[in-house]
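Engineer: Using only what follows, build the 3D model:
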Amino acid sequence: MEQLVQYDQELFLFLNGLGSTTWDQFWLIVTNKLSSIPLYALLLFFIYKQYGMKGTLITVVCVALLITGVDQLANAFKHGFMRPRPCRVAAFETTIRYIAERCGRYGYYSAHAGNSMAVAVFAGLALRRSYKNLIFFLLFWSAVVGYSRIYVGVHYPGDVLTGWIIGAAIGYGLYKLQQFLIVKYDK
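Structural biologist: So this is what the prediction gives:
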């Protein structure tokens with residue numbers, strides 16, 4: 001396990017070290033939760049077009065459960081594992097590029113990566129009938145959001161990877177629930 005942690009730290013130092021002041025503002029925008037609002041609004045519009053009002057309401061409830069599930073599980077993991085974020089490791093103070101606005105105490109796993117992947121899987125599957133290639137764009141977007149957490153110095157690659165895996169599982173599970181509820185209640 002120690003070897004895995006060391007590889008994770010080394011990969012973090014490499015990926016974080018790729019940054020430059022030229023790109024800092026871009027990655028700060030990408031990592032900001034509010035920057036995804038236009039995408040979420042567009043996805044909501046697509047959902048409405050495909051499912052109508054009742055289906056959209058069911059979808060909104062499922063997405064609320066999705067976000068709550070990913071966030072609460074991330075909090076449980078963070079306080080259960082208590083793995084300090086890279087920006088909290090004294091040995092990295094002079095080594096990493098820390099450009100985030102704030103740095104929480106613990107970082108295992110990345111809720112940003114988890115939520116972006118959960119939304120990508122959920123929306124990509126829910127909308128595949130009308131927008132079959134949308135999932136590929138959303139998975140790319142999730143990858144960019146995940147990398148942004150490494151770039152700004154607040155998560156290790158393992159945190160991001162775990163977030164993606166958990167987010168994908170929760171996104172898929174809630175997609176299945178959404179489909180079940182739409183069949184049952186949207187007649």
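Engineer: What distance do you get for the spatially closest residue to residue 179 that is not a sequence neighbour to residue 62?
Structural biologist: With sequence-adjacent residues excluded and distances taken as CB to CB, 6 or more residues apart in numbering, residue 179 is closest to residue 126, at 7.7 Å. Glycine gets a C-beta too; all of them are placed from N, C-alpha and C. From residue 126 across to residue 62, the span is 9 Å (CB to CB, to the nearest Å).
Engineer: Show me where the chain dips below the pLDDT cut-off.
Structural biologist: 186-187 (pLDDT under 70).
Engineer: Find the residue at the geometric middle of it.
Structural biologist: Against the mean C-alpha coordinate of the chain, by CA atoms, centre = their mean, the closest residue is residue 113 at 2.4 Å.
Engineer: Wait, that one touches residue 164, no?
Structural biologist: Yes. With contact defined as CB atoms under 8 Å, residue 113 reaches residue 164; the gap is 5.3 Å.
Engineer: and for those two, which residues touch both?
Structural biologist: 142, 146 (CB atoms under 8 Å, 6 or more residues apart in numbering).
Engineer: and for residue 126 and residue 62, which residues touch both?
Structural biologist: Joint contacts of residue 126 and residue 62 (CB under 8 Å, 6+ apart) are 175, 178.
Engineer: Between these two, point out the one with more neighbours.
Structural biologist: Between residue 126 and residue 62, counted using other CB atoms under 10 Å, residue 126 has the larger neighbour count: 27 against 23.
Engineer: In the protein, where's the longest helix?
Structural biologist: In the chain, with assignment by DSSP state H, the single longest helix is helix 37-81.
Engineer: wait, doesn't residue 109 sit right on residue 157?
Structural biologist: No. Using CB under 8 Å, residue 109 is not in contact with residue 157; the gap is 11.1 Å.
Engineer: Now for residue 145: which residues touch it?
Structural biologist: 30, 31, 36, 112, 113, 116.
Engineer: quick one, the helix or strand that contains the last one and helix 37-81 angle?
Structural biologist: Using DSSP states H and E, residue 116 sits within helix 111-126. Regarding helix 111-126 and helix 37-81, their directions subtend 130 degrees when assessed with axes from the mean of the first three to the mean of the last three CA atoms, to 10 degrees.
Engineer: Following the chain onward from helix 111-126, which element is next?
Structural biologist: helix 134-151.
Engineer: related to what we said a few turns ago, residue 109 and residue 157: which has the busier surroundings?
Structural biologist: residue 109 (27 against 22).
Engineer: Good, we can wrap up now.
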